[in-house]
Every structure is written in structure tokens, then in C-alpha cells.
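Visitor: Sequence plus predicted model, see below.
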Amino acid sequence: MSVTMWTEKTTWLSDEEGRKGRIAAAQFAGLIVPDRDRFDCCESEIADITSDLTIVGGRVVWSEGAFASFDENPPSPPMPEWSPMRTFRGYDAEARPPSSGRRPQAAPAPVPSTATITLAPDGL
């Protein structure tokens, strides 16, 4: 099946034809940049693929690695206010210093000035 079949052609289900499903101006879009190419890794590694960059509604909502500098928003605190996750530092808490509340960021790596999006050819 083609990428178009899974993106643009499914918008009729939610009555959003012409408003999402394509990478184009004035279209709703979410975009991820995976940490590796699923066509170049072993089948056993596919389940371990994560996102290095996630954009929803034109805003960066997650970034790490080479894209860490694009995420200027700290993560939201756990809800509700009484949640133990606000103070829980993990099972290895004794081995780590207290957290500042922000997720750890890797040292910024150089980011190319242009991005390349590779889509699977039709028929896959």
C-alpha cells in the first residue's frame, strides 16, 4: 500500500479531507523523525525505534539527540497535583542526584540546516 493510502486517503473518515493528510501549507500535521531507518535495521530492532523529534500542530513536543535544542518547553508536571510521580525519582534514586524537574538533555549536536524526509515508495 502507498503512503498516500494511509495518510491523505483516510481523512474522509474524520471529515477532514483537504485539511490534513499531506505535508503542505495550511494542513494539520504531526511529524516524527525516527532515531533510525526501519528499512536498514534488523527486524528485531524495529520495536526499539524511538522518535528523536516529534512535531504536533507546528510545535516541537519532543526532541532529543541532535534535535534537543529545538525543544524549549519543559515537560508538564505529572497530574494530578498529589501524584507520587512528582516526587518519585526512579528505582535507582540513591545512585542519582535529585532531578531539577526537567528531562536530561544530551549535549547539543550540530544539526543540518535542511531536513530530508524519506518516504517509502508506492507499493510497499
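Guide: Sure thing, it's come through. For clarity, every value in this text was computed on a predicted model and none was experimentally measured. Numbers count the residues shown, from 1 in each chain.

Visitor: show me where this protein has strands.
Guide: 30-34, 51-56, 59-63 (DSSP state E).

Visitor: And the longest one, how far out from the chain middle?
Guide: It stands for strand 51-56. Centroid separation for strand 51-56 versus its chain: 2 Å, with Cα atoms, centre = their mean, to the nearest Å.

Visitor: show me what contacts residue 58?
Guide: Residues near residue 58 by Cβ atoms under 8 Å, 6 or more residues apart in numbering: residue 29. Where C-beta positions appear, they are placed from N, C-alpha and C, glycine not excepted.

Visitor: how close does it sit to residue 66?
Guide: 20 Å (Cβ to Cβ, to the nearest Å).

Visitor: do the same with residue 3
Guide: 24 Å.

Visitor: between these two, who's got more neighbours?
Guide: Taking neighbours as other Cβ atoms under 10 Å, residue 3 and residue 66 compare with residue 66 leading, 17 against 13.

Visitor: Would you agree the more buried one is in contact with residue 52?
Guide: Yes - with contacts counted by Cβ atoms under 8 Å, residue 66 reaches residue 52, the gap being 6.6 Å.

Visitor: burial count for the spatially closest residue to residue 22 that is not a sequence neighbour?
Guide: Excluding its sequence neighbours, the residue lying closest to residue 22 (Cβ to Cβ, 6 or more residues apart in numbering) is residue 8, at 5.4 Å. Residues lying near residue 8 (other Cβ under 10 Å) number 17.

Visitor: which residue is nearest the centroid of the protein?
Guide: Central residue of the chain (Cα atoms, centre = their mean): residue 54, 2.7 Å from the mean position.

Visitor: Would you confirm that it contacts residue 61?
Guide: Yes - here residue 54 reaches residue 61: they are 5.3 Å apart, a contact under Cβ under 8 Å.

Visitor: ok, back up a step: so which of the strands of the chain has the densest surroundings on average?
Guide: strand 51-56 (a mean of 17; mean count of other Cβ atoms under 10 Å).

Visitor: Could you figure out how far that one is turned away from strand 59-63?
Guide: In terms of direction (axes from the mean of the first three to the mean of the last three Cα atoms, to 10 degrees), strand 51-56 departs from strand 59-63 by 160 degrees.
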